[in-house]
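> Attaching a predicted model along with its sequence, questions to come.
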Protein chains: 2
Amino acid sequence: MKQSHLVEVFNDIDRNAENFLDQLKRVAAQPSVSAQNLGVKECGELVRQMMQDSGLNVRVIPVNGGSPVVFGELKSEGAKETILLYSHYDVQPPEPLEEWVSEPFKPEVREGRLYARGVADDKGILVGRLMAIRAIRDTVGNLPVNLKFVTEGEEEIGSVHLHEFVRRNKELLKADAILWEGGDRDPKGRPEIYLGMKGLLYVELRSKTASVDQHSSLAPILANPAWRVVWALNTLKDRNEKILIDGFYDKVLKPTTKDLKMLEEIPFEEKDIRDTFGVKGFLKGAKGTQLKKTLYFSPTCTVCGFDSGYKGPGSKTVNPKEARVKIDFRLVPEQRTDEILAKLKRHLKKHNFSDIEVVKIDGEEPARAPMDSKILAVTVETAKLVYNLKPVIEPMLYASGPMASFVNELKIPLSSGECVARLDSKIHAPNENIRIEDYILGIKHVAAILLSYLPIHTKA
Amino acid sequence: MKQSHLVEVFNDIDRNAENFLDQLKRVAAQPSVSAQNLGVKECGELVRQMMQDSGLNVRVIPVNGGSPVVFGELKSEGAKETILLYSHYDVQPPEPLEEWVSEPFKPEVREGRLYARGVADDKGILVGRLMAIRAIRDTVGNLPVNLKFVTEGEEEIGSVHLHEFVRRNKELLKADAILWEGGDRDPKGRPEIYLGMKGLLYVELRSKTASVDQHSSLAPILANPAWRVVWALNTLKDRNEKILIDGFYDKVLKPTTKDLKMLEEIPFEEKDIRDTFGVKGFLKGAKGTQLKKTLYFSPTCTVCGFDSGYKGPGSKTVNPKEARVKIDFRLVPEQRTDEILAKLKRHLKKHNFSDIEVVKIDGEEPARAPMDSKILAVTVETAKLVYNLKPVIEPMLYASGPMASFVNELKIPLSSGECVARLDSKIHAPNENIRIEDYILGIKHVAAILLSYLPIHTKA
């Protein structure tokens, strides 16, 4: 990367800051609520147009019955490497609307921040990247690297068709590295870079013991589905949080010394978390690095919902016909959803709970990218330069996402990218916002990453 | 009992059948839905009037903040014994309204049956008893026995003030025997007479682990209330239906040889029950007398409702802040609600579940009346006469009711009375009905019971 190029590009970004913000406002003003099928198609078209305006060859690729992937390609003269950039153009529902200060799809700037649904997740990333390309093309000209944009419209509803899309388009998606959607800046302003995500197996256990509810006076002789599920659950996890399914931990990779060292660097404000959720302490009294180790590297078995019988006020003497419990298993490398599902079914059978139906609702594989990649090194180095702070590297997020569709299928290195959001960006909540300063720094960070991929050809 | 008197009274009842039915229609046309506070007061007033018309001295006795007890007294010249007659004038809500063929509070006769909310439970009993008194007074004149009517307006909402009422009015309620509200005629037409009821302790277990729901990615470090409740429940009852609370079974009386012999006589159509509720079999494969023994004499611990987290379609990745489970313990003599509640709390503490709150919702003590009483003998003998069938005697119902407020407090013998309802009477359901024939036979049965209490003085 030539320092002179970088300065030139950064100056261009600063000069165009207002224009680049307007471009983000344009996209943020277009609703694209995938869960409500509201404006998603129109937003896809807007993104297609904007990618084209940034010089990409764009194809809108349908997925089976869902919102299309907007795929944009930029071939750069003389470039040897290709970066695949993942982001999404759909957003979470804006409800509850009455809690928004300004309307969710009327972007508004207040005190240095831009407020609108999706500006942090994920439109600020998507548009910022297109702006970075424009800045480079408008100044130094040709990019030093080929680009492939994969922009999906279903991330907020579980990326339902993404895995299939990746599996079917391996040739099209061939690349040397992936720039994932970015992370947050931590409370000290440090950019967070992550290299993996937990997997998720979401199932419903259903027990149906009768065709209709019964008066509870019949309980001595008629089976109770809530009890069936309670007894079954009790065989799944003990009171020390140990999951009891045979072979559940078989493929779990222990955190390495390097992982643990990274954990120590990760800020985790225990008091803030306790205050936010109104809890007195953490499970098993954990704290410090031990707490972070548990959070980042433990697979889980969580009851997300339990529904049976009467739930209103007071009493109803009923022996219910049915019980349903929703369970979320967070998986860590190298666990696999299908294997855990099979083990769960075997477990229930072995413990004489064959009467309990297991229905898979969602699944995402855990993913971890290598720690010695060029893309990571480049992202870290340029982050230091742009943010003037040492980034925090998270070996893996404790949340889940569609990363595995790329990491496991394409087997290419990955790094998360620029950090447009902060803890107070209210992602998925009313008054979602980003600091305009972070948006602009994000554009610079992406530009710096791309410019790091020498060779570069200057403008004629 | 003089046979001539009985014939005279029965003839009078037959002559007045239409009039007596009209009186029931009048009361059934007056809504008295205690759960909705709909017309209860007006119905109490109507009952007061009707009691007065039957020659009783009536007092409307307020209960603390609830619907009053309509108390009617009849002192008979020369009578040595007093019978207390319990019934209630409130009814269950009529909903769902659209399932009624005729309106719930517009009594209608169709094919020999009277349809209206409350005719089976409990207005047919209450009005029929007043008609029996009229028939005796109009024919043989003076009754051979003193009467005390206790008619409450809160039975369908758990007799919330009845126990207190009984405890405070022991002198007023002094009697030699109690005639409880009647039972059903079984599928073969045999009248069912019962001598007891199970108790009920209805509690809610509540676990609150945080002030707000959390994203389930935080589950490795934040407690889950549904799991807390699952683990706690698992210590309460094992998969063989054995309740594990220390001392739970301590006071349970085993059924006697006589009880078991009675059970053999009780019809219990296993196939009908299986078909009605769509079950393949009964718990632990029980059948025959063993099944009935379990049904009538086992205390239970039933999950009536379990509510935690997300219960909608699909997935929501949430670690809930709260879980609530409703539990119904059916108790048998000589268990007591307060003792079981205390044992439950001790149990949870002992098993390190002090974080789980126990809230008592409802409670009724189990009750069993003696089997060698005059009132039972009289009820059985007159039942044979009236129904021309040998009655079925149930030592105890497997359902619960406020019987213990009388049996345990007043310590006087009891029998359930006439049988106005059948299995198809749709008690608590749309299209509640009784056969007019059963109503008239019920009036005759009550008259015969009262006339059995010699001495009797004929009309001057």
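In hand now; what should we look at?
> Can you name the residue of the stretch 101-250 of chain A nearest to chain B?
A:Ser211 (2.7 Å; C-beta to the nearest C-beta). C-beta: built from backbone N, CA, C; applies to glycine.
> contacting residues around that residue?
A:321, B:277-279 (C-beta atoms under 8 Å, 6 or more residues apart in numbering or on different chains).
> So which bits of the stretch 51-200 of chain A are right by chain B?
A:158, A:198, A:200 (C-beta under 8 Å from any C-beta of the partner chain).
> Would you verify that the second one is located in a strand?
Yes: secondary structure of A:Lys198, determined by DSSP: H, G, I helix; E, B strand; the rest coil: located in a strand.
> Enumerate the beta-bridge partners assigned to it.
Judged by DSSP bridges, the bridge partners of A:Lys198 are A:Ser400.
> Let's test this: mean pLDDT of the helix or strand A:His445 falls within, rounded?
A:His445 belongs to helix A:436-451 when assigned by DSSP states H and E. Averaging pLDDT along helix A:436-451 yields 98.
> What residues sit buried inside that helix?
For helix A:436-451, the neighbour count (16 or more other C-beta atoms under 10 Å in any protein chain shown) marks A:436, A:438-451 as buried.
> just stretch A:2-10 next, same as before
Buried residues in stretch A:2-10 (16+ other C-beta under 10 Å): A:5-6, A:8-10.
> Look up how far B:Leu341 lies from the residue nearest the centre of chain A.
In chain A, the centroid-proximal residue (C-alpha atoms, centre = their mean) is A:Gly401; its distance is 4.1 Å. Applying C-beta to C-beta, to the nearest Å, the value for A:Gly401 to B:Leu341 is 48 Å.
> how about A:Glu409, secondary structure?
helix.
> what about the helices in the stretch 51-200 of chain A?
A:124-139, A:162-168 (DSSP state H, counting those that start in this stretch).
> for these, which one ends up most surrounded?
Most buried of those, by mean neighbour count (mean count of other C-beta atoms under 10 Å in any protein chain shown): helix A:124-139, with a mean of 26.
> The strand or helix carrying A:Gly305 pairs with which strands?
For A:Gly305, the host element (DSSP H and E) is strand A:302-309. Applying DSSP bridges, strand A:302-309 is found paired with strand A:322-331 (antiparallel), strand B:302-309 (antiparallel).
> Can you pull out the residues in contact with the helix or strand following that strand?
The C-terminal neighbour of strand A:302-309 among helices and strands, as given by DSSP H and E, is strand A:318-319. Here strand A:318-319 makes contact (C-beta under 8 Å, 6+ apart) with A:210, A:213-216, A:218-219, A:222, A:224, A:309-310, B:302, B:304-305.
> export the residues you listed to JSON lines and tack on distance to B:Gly128 and neighbour count?
JSON lines is the format used below for these (distance: C-beta to C-beta, whole Å; neighbours: other C-beta atoms under 10 Å in any protein chain shown):
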{"residue": "A:Ala210", "distance to B:Gly128": "35", "neighbour count": "21"}
{"residue": "A:Asp213", "distance to B:Gly128": "31", "neighbour count": "16"}
{"residue": "A:Gln214", "distance to B:Gly128": "30", "neighbour count": "22"}
{"residue": "A:His215", "distance to B:Gly128": "25", "neighbour count": "14"}
{"residue": "A:Ser216", "distance to B:Gly128": "29", "neighbour count": "31"}
{"residue": "A:Leu218", "distance to B:Gly128": "28", "neighbour count": "21"}
{"residue": "A:Ala219", "distance to B:Gly128": "32", "neighbour count": "27"}
{"residue": "A:Leu222", "distance to B:Gly128": "33", "neighbour count": "22"}
{"residue": "A:Asn224", "distance to B:Gly128": "38", "neighbour count": "28"}
{"residue": "A:Gly309", "distance to B:Gly128": "36", "neighbour count": "25"}
{"residue": "A:Tyr310", "distance to B:Gly128": "33", "neighbour count": "19"}
{"residue": "B:Thr302", "distance to B:Gly128": "34", "neighbour count": "26"}
{"residue": "B:Cys304", "distance to B:Gly128": "33", "neighbour count": "26"}
{"residue": "B:Gly305", "distance to B:Gly128": "37", "neighbour count": "23"}
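> Tabulate those (a markdown table), appending pLDDT.
Formatted as a markdown table, the contacts of strand A:318-319 follow (pLDDT from 0 to 100):
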| residue | pLDDT |
| --- | --- |
| A:Ala210 | 95 |
| A:Asp213 | 91 |
| A:Gln214 | 91 |
| A:His215 | 90 |
| A:Ser216 | 93 |
| A:Leu218 | 95 |
| A:Ala219 | 97 |
| A:Leu222 | 97 |
| A:Asn224 | 98 |
| A:Gly309 | 94 |
| A:Tyr310 | 92 |
| B:Thr302 | 98 |
| B:Cys304 | 95 |
| B:Gly305 | 96 |
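> Just give me the closest of the residues you listed to B:Val58.
Of all the contacts of strand A:318-319, B:Val58 sits closest to A:His215, with 34.1 Å by C-beta to C-beta.
> tell me the contacts of that closest one?
Here A:His215 is in contact with A:317-319, B:399 (criterion: C-beta under 8 Å, 6+ apart).
> and stretch A:246-257, average pLDDT?
96.
> and that stretch, which residues are buried?
A:248, A:251, A:255.
> Output those residues as JSON lines; include the columns distance to chain B and secondary structure.
Below are the buried residues of stretch A:246-257 laid out as JSON lines (distance: C-beta to the nearest C-beta, whole Å; DSSP: H, G, I helix; E, B strand; the rest coil):
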{"residue": "A:Phe248", "distance to chain B": "14", "secondary structure": "coil"}
{"residue": "A:Lys251", "distance to chain B": "18", "secondary structure": "coil"}
{"residue": "A:Pro255", "distance to chain B": "13", "secondary structure": "coil"}
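> Please report how far A:Asn408 lies from A:Arg330.
17 Å.
> meant to ask about A:Gln214
In terms of C-beta to C-beta, A:Gln214 sits 37 Å off from A:Arg330.
> Can you point out the buried residues in stretch A:81-98?
A:82-94.
> Stretch A:29-45 too?
A:29-35, A:38-40, A:43-44.
> Need the max-distance pair from these.
A:Ala29 and A:Ala35 (19.1 Å).
> ok so, going back, would you turn the buried residues of stretch A:29-45 into TSV with distance to chain B, pLDDT and secondary structure?
What follows is the buried residues of stretch A:29-45, written out as TSV (distance: C-beta to the nearest C-beta, whole Å; pLDDT from 0 to 100; DSSP: H, G, I helix; E, B strand; the rest coil):
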residue	distance to chain B	pLDDT	secondary structure
A:Ala29	28	98	coil
A:Gln30	26	98	coil
A:Pro31	21	98	coil
A:Ser32	20	97	coil
A:Val33	16	95	strand
A:Ser34	13	92	helix
A:Ala35	10	88	helix
A:Leu38	18	95	strand
A:Gly39	21	97	coil
A:Val40	18	97	helix
A:Cys43	23	98	helix
A:Gly44	23	98	helix
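> And for whichever residue of the stretch 351-460 of chain A sits closest to chain B, nearest residue in space, chain neighbours not counted?
Closest residue of the stretch 351-460 of chain A to chain B, C-beta to the nearest C-beta: A:Ala399 (4.2 Å). Among residues not flanking A:Ala399 along the chain, B:Ser217 sits closest, at 4.2 Å (C-beta to C-beta, 6 or more residues apart in numbering or on different chains).
> A helix includes that neighbour, no?
Yes: counting by three-state DSSP, B:Ser217 is found in a helix.
> contacting residues around the residue of chain A most remote from its centre?
Distance from the C-alpha centroid of chain A, by C-alpha atoms, centre = their mean, peaks at A:Ser217 (48.9 Å). A:Ser217 makes contact with A:317, B:198, B:330, B:397-400, according to C-beta under 8 Å, 6+ apart.
> So for it, what's the pLDDT?
Confidence score, pLDDT, at A:Ser217: 94.
> quick revisit: quick check: the two most widely separated of the contacts of A:Ser217?
Between all members of these, the farthest pair (by C-beta to C-beta) comes out as A:Thr317 and B:Leu397, at 13.3 Å.
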